[in-house]
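Build me a structure from this.
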Amino acid sequence: MINYIIRKLGYSLLVLFGVITVTFFINFVLPGDPARLMLGQRADQASIKALQQQLGLDKPKIVQYGNFLVNLLHGDFGRSFSTNRDVFGTITERFPATALLATTAMVFSTILGMILGIVAAMRPNSWLDSSLMGFALFGISLPSFVLGLLLMLVFGVYLDWLPISGYIDRGWEFLLLPMLTLALRPLSIIARVTRSSMLDVLGQDYIRTAKAKGLPARVVIMRHALRNALNPVVTTVSAWFAGLLAGTFFVEYIFNWPGIGTVAIDAILKLDYPMIQGTVLFTALVFVLVNAVVDILYVFLDPKVKLA
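I've put the predicted structure just below:
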């Protein structure tokens, strides 16, 4: 176990180092100049150079990269170009909003997705199976930003049942539309993965033996089939949860939800290099941590899996 954790930590550090390096140099591929963008198109060249010097953008790229790494080792993510606020402080301030939205969407999509997948697997090739999997295919195919706009139009404008933007501090109804928008695609994928995994398990000999012993269908499904079908489902849930937790970019932006995704999009539009680097690094860190926890969780879900 200790050797596995050490090896996993080494791989994680390599991944994070790669993300840091790629993100840093990709910033300079983005069109535009942060200093000119901050000062406006009518700014004179002397003012632009002075601001570049103040921001440290006048130094060679490799020097900027070295300074960035040194600051990271000291826990300093830098300061935002546009707000002059601490990047890490801004991310931690916005993270609870993203965590709330991602967690509620993931819980909803996991529970409903597994129920739909189990129901479809118990009636394979029936009209119910075809209907549920057709709905899942529709959910996978529909982009989140399109679904968000449709929900806003129907429930927020035409029916006027729910608010179309805002945060939960003004009421739980502000959470519903962004949560449903965010939940549809993972719900659909979880339903399909659950169905496929359950069909594989339900065809095994020990399931037929359990049925032959006269065990109730509920016991066969819940105690014997579902537990052995969970590994692919857990992989899917963990991957989606890591992605949602790291930043629900477009959904947050559409619904004006004050999370990490909104910060990241604003940073890209304003060429705010430190904030871009901070949000991407935070995203990678969340992915690494969630995947490490899930790898260890596999051992408890399936005794056949060993931490080599």
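
And this protein, split by domain according to the record?
Structural domains annotated on the chain: 2-73, 91-301, as defined by automatic domain parsing.

tell me the average confidence for the longest one?
Going back to what we said before, that points to domain 91-301. The average pLDDT within domain 91-301 is 82.

same deal with the first one?
The average of the pLDDT scores along domain 2-73 is 79.

Just checking the distance from it to the centre of its chain.
23 Å (CA atoms, centre = their mean, to the nearest Å).

coming back round to it: out of the domains of the chain, flag the one nearest R85.
domain 91-301 (8.9 Å; CB to CB). The C-beta positions use only the backbone N, C-alpha and C, and glycine is treated the same way.

A210 is in contact with V220, isn't it?
Yes. Look at A210 against V220 with CB atoms under 8 Å: they come within range, at 5.0 Å.

For stretch 185-193, give me every contacting residue.
105-106, 108-110, 112-114, 116-117, 120, 132-133, 135-140, 142, 144, 232-233, 236-237, 240, 244 (CB atoms under 8 Å, 6 or more residues apart in numbering).

Return the subset of these lying in strands.
Counting by DSSP state E, no part of those is found in strands.

Among the residues you listed, which ones are in helices?
105-106, 108-110, 112-114, 116-117, 120, 132-133, 135-140, 144, 232-233, 236-237, 240, 244 (DSSP state H).

now the residues you listed: which count as buried?
Buried members of these, scored by 16 or more other CB atoms under 10 Å, are 105-106, 108-110, 113-114, 116-117, 120, 132-133, 135-136, 139, 144, 233, 236-237, 240, 244.

residue contacts, the residue nearest the centre of the chain?
Most central in the chain under CA atoms, centre = their mean is G243, positioned 1.6 Å from the mean C-alpha point. Contacts for G243 (CB under 8 Å, 6+ apart) come out as F287.

do you know how far it is from M122?
30 Å (CB to CB, to the nearest Å).

Next: A50.
In terms of CB to CB, A50 sits 70 Å off from M122.

How about D86?
53 Å.

on that earlier part again, quick check: which of the domains of the chain is buried the most?
domain 91-301 (a mean of 18; mean count of other CB atoms under 10 Å).

tell me which strands and helices the helix or strand harbouring V251 is in contact with?
Assigned by DSSP states H and E, V251 falls within helix 249-254. Using 3 or more CB pairs under 8 Å, 6 or more residues apart in numbering; DSSP states H and E, the elements in contact with helix 249-254 are helix 87-122, helix 144-151, helix 173-202, helix 260-269.

Run the angle between the shortest one and helix 173-202 for me.
Looking back up the chat, that one is helix 144-151. 130 degrees (axes from the mean of the first three to the mean of the last three CA atoms, to 10 degrees).

List every C-alpha atom in helix 144-151, with coordinates, as CSV.
In CSV, the C-alpha atoms belonging to helix 144-151 read as follows (Å, rounded to 0.1, in the frame of the first residue of the first chain):
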residue,chain,number,x,y,z
SER,A,144,-24.8,21.6,-22.1
PHE,A,145,-24.8,25.2,-23.2
VAL,A,146,-27.7,24.5,-25.6
LEU,A,147,-29.7,22.7,-22.9
GLY,A,148,-29.0,25.5,-20.4
LEU,A,149,-30.4,28.1,-22.9
LEU,A,150,-33.4,26.0,-23.6
LEU,A,151,-34.2,25.5,-19.9
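
Not counting sequence-adjacent ones, nearest residue to L69?
I20 (7.3 Å; CB to CB, 6 or more residues apart in numbering).

dump the residue contacts of that neighbour.
So I20 contacts F68, L69, L72, Q277, L281 (CB under 8 Å, 6+ apart).

Looking at those residues, which is nearest G171?
Nearest to G171 among the contacts of I20, with distances taken as CB to CB, is L281, at 33.5 Å.

Make sure that closest one is actually in contact with T23.
Yes. The pair L281 and T23 passes the contact test of CB under 8 Å, sitting 6.9 Å apart.

quick one: secondary structure of P258?
coil (DSSP: H, G, I helix; E, B strand; the rest coil).

Now it: phi and psi?
Backbone torsions for P258, taken as degrees, to the nearest 10, come to phi -80, psi 60.

sorry, back to before: rebuild the helices and strands packed on helix 249-254 as CSV, extending it with distance to L55.
CSV is the format used below for the helices and strands packed on helix 249-254 (distance: least, CB to CB, whole Å):
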stretch, distance to L55
helix 87-122, 13
helix 144-151, 32
helix 173-202, 34
helix 260-269, 14
